[in-house]
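K.L.:
give me coordinates for this.
(4 chains)
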Protein chains: 2
Amino acid sequence: MLTQADQEQTGPIRAKRPKRDREATRRRLLEAARDLFGEHGYDHVSVRMIAAAAGSNVALVNRYFGSKASLFGEVLAGESVLEKVVQGDPAGLPRRLAEHVVRQVHRGPSSPVPRMLDRSIGNPEILPILQQHLETMLVAPLTEQLTGPGARARATLAATIIMGGGPVRRLLGLDDLRTADPAELTERLTVMFDAALSPGVRESK
Amino acid sequence: MLTQADQEQTGPIRAKRPKRDREATRRRLLEAARDLFGEHGYDHVSVRMIAAAAGSNVALVNRYFGSKASLFGEVLAGESVLEKVVQGDPAGLPRRLAEHVVRQVHRGPSSPVPRMLDRSIGNPEILPILQQHLETMLVAPLTEQLTGPGARARATLAATIIMGGGPVRRLLGLDDLRTADPAELTERLTVMFDAALSPGVRESK
DNA sequence: ATCCTATGTATTCACCTGTTTACTTGCAAG
DNA sequence: CTTGCAAGTAAACAGGTGAATACATAGGAT
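P.N.:
All right, here's what the predicted structure looks like:
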């Protein structure tokens, strides 16, 4: 994949960018793809839409990225949203995750990438790409933060809350969660994440 | 929609079913659609696939159901999986929901319908159908069971866990959750659902 | 000034999509 | 038997898809 992507500096370095700027065009395509994929999902974005949004040409998508699926993969690899949330003091992890969810509810997602996930899940062609993304971006680093047995299962459980947010928001809207008291929402989610992640099982009533 | 579906008994009642059985064909199409939609999602199932799986003809899909989207809607309306889980003693609701999720993890979903939801979310054409389904099948009955302020927001929160299960299972597989102790998993999920649903906010550590 | 290569363009390809049309056939009533 | 209608079929339609093609051209190197 991307057979023509890594040969841009064979000659001496050019200081002045030409009007026909390979890198700029590539970047515009990438950004257009990111926005459109995030908005409509993989299946409902055509390469022609991407090219048009980037003010570019259809053929360049395949020239620069090899295929639509590769372009999707590159977009996905370009951003790591949850990195800062997961990193840090393990004890505060549930609260940070909860605050992250509440933040998404009130300000909308900071990046189109999370939406790309849940709106593109149906496609078998990009399934391995999505799997790897969720694995390396969320579950693996989350698992590393956890101690005790069954860490991965607990990380999966937490991922369920995070992943469920997208579909629920799309299907039910944000209004119900927005009208709720943010502090209370954060509190509830903190308990939920804690129940998912904590080494010992908290006793239910 | 379904302009030709409700005129089957204009004449006297026929005891013997003819070889050309309208109702049987309709049912076969419906079942094939349910299975295929559940397996691959709306976008990746063509009406030709459905007709082939039902041993029928493409044109009959539109004849009997009006359109692919209407067929999808009819499939979705045909089953109400969570009804028994939501009904019953409100106090035991978190535990019943938890047991339902664990059951899905260990035995797979009893119906393709839940999978239809998360694998078909991207399509704008059937979005209103999905919205209404989630609303009437899960959120509305769940909200009714709850007391206190912000009942709908709490129901939405619980829906997040349920809806997140599908994507997570598809992207991460079931192994991690299956290897976990079912009792412990149930316990964790019970606490999670309780934190989402309970009238008062449980204090986090 | 002339080449030459990389960038960009317009067009074509082969295929699939949902839907509609014209047609054939089974089957029961007259 | 004939007639008529409902059920089923095959083909076509109009449009869209990702990808590949052949061509045009900008702009630095010679």
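K.L.:
can you list the domains in chain A?
P.N.:
A:4-75, A:80-197 (automatic domain parsing).
K.L.:
report the distance from the first one to the chain centre.
P.N.:
The one in question is domain A:4-75. How far domain A:4-75 lies from its chain's middle: 19 Å, per CA atoms, centre = their mean, to the nearest Å.
K.L.:
check whether that domain comes near DNA strand C.
P.N.:
Yes - Domain A:4-75 is in contact with DNA strand C by CB under 7 Å from any atom of the strand, via A:8, A:10, A:20-22, A:24-25, A:56-60, A:63. From N, CA and C alone the C-beta is placed, and that goes for glycine too.
K.L.:
and that domain with chain B, contact?
P.N.:
Yes - Domain A:4-75 lies within reach of chain B by CB under 8 Å from any CB of the partner chain, at A:His40, A:Gly41, A:Tyr42, A:Asp43, A:His44.
K.L.:
same question, stretch A:87-105
P.N.:
Yes - Stretch A:87-105 is in contact with chain B by CB under 8 Å from any CB, via A:Pro94, A:Arg95.
K.L.:
quick one: the residue in chain A positioned nearest to chain B from DNA strand D, how far?
P.N.:
Nearest residue of chain A to chain B: A:Gly164, at 2.4 Å (CB to the nearest CB). A:Gly164 sits 28 Å away from DNA strand D, going by CB to the nearest atom of the strand, to the nearest Å.
K.L.:
rewinding a little: any idea which of the domains of chain A is most buried?
P.N.:
domain A:80-197 (a mean of 19; mean count of other CB atoms under 10 Å in any protein chain shown).
K.L.:
does DNA strand C sit close to it?
P.N.:
No - counting by CB under 7 Å from any atom of the strand, DNA strand C is not contacted by domain A:80-197; separation bottoms out at 12.3 Å.
K.L.:
what's the average pLDDT for that domain?
P.N.:
The average of the pLDDT scores along domain A:80-197 is 95.
K.L.:
tell me which stretches of chain A form helices.
P.N.:
Per DSSP state H, chain A carries helices over the ranges A:22-40, A:47-53, A:58-65, A:68-77, A:83-86, A:93-107, A:113-119, A:127-134, A:140-145, A:151-172, A:175-179, A:182-197.
K.L.:
can you redo these as JSON lines with distance to B:Gly148?
P.N.:
Formatted as JSON lines, the helices of chain A follow (distance: least, CB to CB, whole Å):
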{"stretch": "helix A:22-40", "distance to B:Gly148": "36"}
{"stretch": "helix A:47-53", "distance to B:Gly148": "46"}
{"stretch": "helix A:58-65", "distance to B:Gly148": "52"}
{"stretch": "helix A:68-77", "distance to B:Gly148": "41"}
{"stretch": "helix A:83-86", "distance to B:Gly148": "30"}
{"stretch": "helix A:93-107", "distance to B:Gly148": "20"}
{"stretch": "helix A:113-119", "distance to B:Gly148": "30"}
{"stretch": "helix A:127-134", "distance to B:Gly148": "35"}
{"stretch": "helix A:140-145", "distance to B:Gly148": "32"}
{"stretch": "helix A:151-172", "distance to B:Gly148": "19"}
{"stretch": "helix A:175-179", "distance to B:Gly148": "14"}
{"stretch": "helix A:182-197", "distance to B:Gly148": "11"}
